[in-house]
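Q: what follows is a predicted protein model with its sequence.
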Protein chains: 2
Amino acid sequence: MSKVEFKQLSPADFFYRNRELAGFDSPVKSLYTAFREIIENSFDGAEIGGINPDIFVSFKQRSEDVFTIFISDNGIGIPGDKVPKALAKLLFGGKYVERQSRGHFGLGASMTVLYSQITTNLPTRVLSCSRGSDVIDEYHLMINIQRNEPIIHYHGQIPNKKKWHGVAVEVNIEGDYRRAHTKILDYIESTAMVAPYANITFIDAYGILYKFNKVIDEVPKLGEAVLPHPRGIDTEKMLRLIRIARQKTMRKFLQSNFQRVGVKTAQSFLKFVNINPEKAPNKLNHEEIVRCVKGMNTFEDFLSPETKCLSPIGEEVLTAGIQKELEPDFITTVTRKPQAYSGHPFIVEVAMAFGGNIIERSSEPTLYRFANRIPLLYDQYADVCAKIIRTFNWRMYKVHDNSKLAIITHIASTKVPYRTAGKESISDREELEREVRLAMQVCARKLRVYLSRVEREERSKIRISIFEKYMPYIAQFATKLSGKKEVPSLDFVYENK
Amino acid sequence: MSKVEFKQLSPADFFYRNRELAGFDSPVKSLYTAFREIIENSFDGAEIGGINPDIFVSFKQRSEDVFTIFISDNGIGIPGDKVPKALAKLLFGGKYVERQSRGHFGLGASMTVLYSQITTNLPTRVLSCSRGSDVIDEYHLMINIQRNEPIIHYHGQIPNKKKWHGVAVEVNIEGDYRRAHTKILDYIESTAMVAPYANITFIDAYGILYKFNKVIDEVPKLGEAVLPHPRGIDTEKMLRLIRIARQKTMRKFLQSNFQRVGVKTAQSFLKFVNINPEKAPNKLNHEEIVRCVKGMNTFEDFLSPETKCLSPIGEEVLTAGIQKELEPDFITTVTRKPQAYSGHPFIVEVAMAFGGNIIERSSEPTLYRFANRIPLLYDQYADVCAKIIRTFNWRMYKVHDNSKLAIITHIASTKVPYRTAGKESISDREELEREVRLAMQVCARKLRVYLSRVEREERSKIRISIFEKYMPYIAQFATKLSGKKEVPSLDFVYENK
């Protein structure tokens, strides 16, 4: 009994055993997660190339509880030789840089292939073509889970006559479509709201076609990959940088390996941590490295992080998207200035929409949450944005009917602090919480101005309607009193009201 | 801009970049997580050997924000040659079997070493000695994060003169002890509540000593490792079993590889999925494997899962622990019968304690959550137990003051459905939710009986006190009325009340 056998798991085996950590738990959730992991890669693939995303999604029932998801995009494509690993090897990915993107765990696509395989034992079909390539690569893939290696069941090449580029994935998933349907549709509708520059065609498992056409042309400029910011560096990262550094002095090392560090900042920082600026990086001893790292997290004169790696939606695009999807009476949006938490820059955007087609049964405002343009539909109670909304006294902002209010939040960051690898809710980092609260206050104040005006107008409408009701009687009475026969026209009264 | 570089991450690198997924986020939480990951291994190490845990924990301030955690146990120890991998290689562990244990991600200890290293650049010191061994192995360990391999800074052996066995870990963590202190103390106190068979000595960073002595001797019988249950098998698991199977027929294969499958069940199941019982397992084609797996999840005549792999706390131990830690006026406990979700057996235990030393400021009942004997202190709002408590109408159960009510929940399972690898909250699987609800109802009904009695007694006390107040006057009046001088004794009235 008291003997323990030890064993090493591959990353694939770990996530196979703990797939709920990546969002694959119930049959409903798994189908939804599979779908969103693929479509998010499609969006990233198009936007990274500055292309207006044109995405086709279809669900088909294959057997009682197996559904075929087919998603194709017009993105930059994955190079043929990289396809097997990119889709059938966990923790292999192209997103491990300091740049905002939808995915960043390197898990999504391969977890989908893995889940498909364990529930249906079928390979996933992938077509891919890089921009400008003459051939389309086709693969049928599974994963050797114990070794975390792709298994290629088929590989062929097709001539690319129509100059297509992008990725198409066909995957079979055991799931509960009937119950996942609403979430999937919600996901696409919400995405259309923040991506009014994309065309999405969706055929659901019942055969119904939905089309979401772009209303603006401009594709968001995707964030650029940047150097790390000194704040948030740990000793591991520092040691890695030192190991590959070619600079001969610490002064130059800092300037070349970190963003926002120029000659002056480097000098004053090295003075702050008491390290000779001319010392070679690889000559630093243990104690100096620790001091340097600690200093980076406390030194106050670093400039705030670069933001060209971020891509907020922008007030204009956000307004256009909300107008298109919700058709409210009033919209206000705010894009806050960039901030940072532990060296990761982020931008908070909030919009509030009121009236019109927004009618929800709940007594809470309807919340649409987004992170790096991904709609978050599960675990709302655990999200920082929901937490802040609960603290608002909406009556103070003249909102007497919460069901008419929709709040849209977007957090863009090189590293969104998700609570789980399933990417469903955002944790309440102090810096983030503060920004979200401020953004909501800005919007809520504008909303109050609007609602006050509406209230005033309504009050004066009531006044006028009373006036309109009694004025004719008064006029008749006055006419009678004056002995005249005919009541003069009252139009001039209403015209000047 | 549109070129993407692909890269493979090791599991260590993945969790280094996403350490918040394993519970290492803020300086407060990280210190707490490090502590609990080590102490949980200590408990597992003792209980697996049927030993009364005797655990020593100390925190020491090393510098402004670096704390040294030292934890030593009297468990079965880790064999010397396995120490480096067990502590400094992620996803390497001894817990990947169907048995209830505190840890099961194979992450905790090595993540602690990793986090220590990236915040302090110091190795972790480990002493280990297996039961009966003559030498104690000492290691100073770090992790090569990019390769997920242990780095051994020092290895030595010390003669084991005092016949010690167990593991001792000394690790340096950058953290915020001041704010983590309450959580750490809460954790130890809660653990003492469900482990009244353990001795825990704790010296906090301020130098204060806390001792939690065992009040019962019996160590819980740890669950045994068992074969998997057919329900919840997926094709990957099935293929692995077939690959290593030595049985010549499907009939025998099923009997030998799954729990609760005898000759009869095997026969009727194979008839159900229309597979020849004499067919060799490795001759099954794709379609048959899928059919067999699907059948396992729908066939209704399997016996319910084995429960000898589970180790509930038991009503007696639970009552003793609660009595010791909370000293309430009333305790009721229930240990439900084992149930299963997707093939994983689980047992729900609930206790309710009322009055006495329980006083909380909140208007909600105080909830103590446990899973496999681990106290869960974070993310309560997201937990299935908290969710169910919110749906209870406590007034119906005669609870008029929620602040006097404490609810203790324990979920024991070979696989607790945690929401995250940080092991803080349990998701609301249908089967689990139902059991928790039923268990709470059972306890709440007993609580109502108790509180009704208390109410009755209080009412009659009030009645009696009124009676006692007025009786002397009536007696005086009656005496006067009768013309007597002396009031007869009233004692007989009170004696018979």
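A: Here it is on my side, so go on.

Q: hey, C-alpha coordinates of the host helix or strand of residue A:191 in PDB?
A: Residue A:191 belongs to helix A:177-194 when elements are defined using DSSP states H and E. The C-alpha coordinates for helix A:177-194 follow below in PDB (Å, rounded to 0.1, in the frame of the first residue of the first chain):
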ATOM      1  CA  TYR A 177     -25.500  20.800 -30.000                       C
ATOM      2  CA  ARG A 178     -29.100  21.500 -29.000                       C
ATOM      3  CA  ARG A 179     -27.900  23.100 -25.800                       C
ATOM      4  CA  ALA A 180     -24.800  24.600 -27.200                       C
ATOM      5  CA  HIS A 181     -26.600  26.300 -30.000                       C
ATOM      6  CA  THR A 182     -27.500  29.500 -28.200                       C
ATOM      7  CA  LYS A 183     -24.000  30.000 -26.900                       C
ATOM      8  CA  ILE A 184     -22.500  29.500 -30.300                       C
ATOM      9  CA  LEU A 185     -24.900  32.000 -31.800                       C
ATOM     10  CA  ASP A 186     -24.300  34.400 -29.000                       C
ATOM     11  CA  TYR A 187     -20.600  34.100 -29.600                       C
ATOM     12  CA  ILE A 188     -20.900  34.900 -33.300                       C
ATOM     13  CA  GLU A 189     -23.300  37.800 -32.700                       C
ATOM     14  CA  SER A 190     -21.100  39.300 -30.000                       C
ATOM     15  CA  THR A 191     -18.000  38.900 -32.200                       C
ATOM     16  CA  ALA A 192     -19.800  40.700 -35.000                       C
ATOM     17  CA  MET A 193     -20.400  43.500 -32.500                       C
ATOM     18  CA  VAL A 194     -16.700  44.100 -32.000                       C
END
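
Q: can you give me the mean pLDDT across the helix or strand following it?
A: The element immediately downstream of helix A:177-194 (helix or strand, assigned by DSSP H and E) is strand A:199-203. In this model, strand A:199-203 has a mean pLDDT of 97.

Q: which ones are touching the spatially closest residue to residue A:440 that is not a sequence neighbour?
A: Spatial nearest neighbour of residue A:440, excluding adjacent residues (C-beta to C-beta, 6 or more residues apart in numbering or on different chains): residue A:350 at 5.5 Å. For the C-beta atoms, the positions are set from N, CA and C on the backbone; glycine is no exception. The contact partners of residue A:350, by C-beta atoms under 8 Å, 6 or more residues apart in numbering or on different chains, come to A:333, A:334, A:336, A:407, A:408, A:409, A:410, A:436, A:439, A:440, A:442, A:443.

Q: in a markdown table: these, plus secondary structure, distance to residue B:146 and pLDDT.
A: Below are the contacts of residue A:350 laid out as a markdown table (DSSP: H, G, I helix; E, B strand; the rest coil; distance: C-beta to C-beta, whole Å; pLDDT from 0 to 100):
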| residue | secondary structure | distance to residue B:146 | pLDDT |
| --- | --- | --- | --- |
| A:333 | strand | 43 | 96 |
| A:334 | strand | 41 | 95 |
| A:336 | coil | 36 | 93 |
| A:407 | strand | 42 | 95 |
| A:408 | strand | 40 | 95 |
| A:409 | strand | 36 | 96 |
| A:410 | strand | 34 | 96 |
| A:436 | helix | 35 | 96 |
| A:439 | helix | 39 | 96 |
| A:440 | helix | 41 | 96 |
| A:442 | helix | 44 | 96 |
| A:443 | helix | 44 | 96 |
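
Q: closest to residue B:27 among the residues you listed?
A: Nearest to residue B:27 among these is residue A:436, at 21.9 Å by C-beta to C-beta.

Q: helix or strand: which one has the residue nearest to residue A:440?
A: Secondary-structure assignment from DSSP H and E places residue A:350 in strand A:344-354.

Q: ok, residue A:25 next?
A: Per DSSP H and E: nothing holds residue A:25, as it lies in no helix or strand.

Q: between the host helix or strand of residue A:454 and strand A:344-354, how big is the angle?
A: Mapping residue A:454 onto the secondary structure by DSSP H and E places it in helix A:430-482. Angle of helix A:430-482 versus strand A:344-354, following axes from the mean of the first three to the mean of the last three C-alpha atoms, to 10 degrees, is 20 degrees.

Q: show me what helix A:430-482 is packed against.
A: With contacts defined as 3 or more C-beta pairs under 8 Å, 6 or more residues apart in numbering or on different chains; DSSP states H and E, helix A:430-482 has these neighbours: strand A:330-335, strand A:339-341, strand A:344-354, helix A:384-391, strand A:405-413.

Q: report the angle between the axes of it and strand A:405-413?
A: Calculated by the same axes, to 10 degrees, helix A:430-482 forms an angle of 150 degrees with strand A:405-413.

Q: surely residue A:487 is in a strand?
A: No: the assignment for residue A:487 (DSSP: H, G, I helix; E, B strand; the rest coil) gives coil, which keeps it out of a strand.

Q: spit out the contact partners of it.
A: A:472, A:475, A:476, A:479 are the contacts of residue A:487 under C-beta under 8 Å, 6+ apart.

Q: farthest-separated two in those?
A: Maximum pairwise distance among the contacts of residue A:487 (C-beta to C-beta): 10.3 Å, between A:472 and A:479.

Q: of the two, who's got more company?
A: Between residue A:472 and residue A:479, counted using other C-beta atoms under 10 Å in any protein chain shown, the more crowded position is residue A:479 (14 against 11).

Q: so which residues of the stretch 1-150 of chain A form strands?
A: Assigned by DSSP state E, counting those that start in this stretch, the strands in the stretch 1-150 of chain A fall at A:7-8, A:54-63, A:66-72, A:92-93, A:124-129, A:135-144, A:149-159.

Q: list the buried residues for the longest one?
A: Meaning strand A:149-159. Under the neighbour-count criterion of 16 or more other C-beta atoms under 10 Å in any protein chain shown, strand A:149-159 has A:150, A:151 buried.

Q: repeat for the second one
A: For strand A:54-63, burial by neighbour count (16+ other C-beta under 10 Å) applies to A:54, A:55, A:56, A:57, A:58, A:59, A:60.

Q: neighbouring contacts of it?
A: Applying C-beta under 8 Å, 6+ apart, the external contacts of strand A:54-63 come out as A:35, A:39, A:42-43, A:46, A:67-74, A:172, A:177, A:184, A:188, A:198-205.
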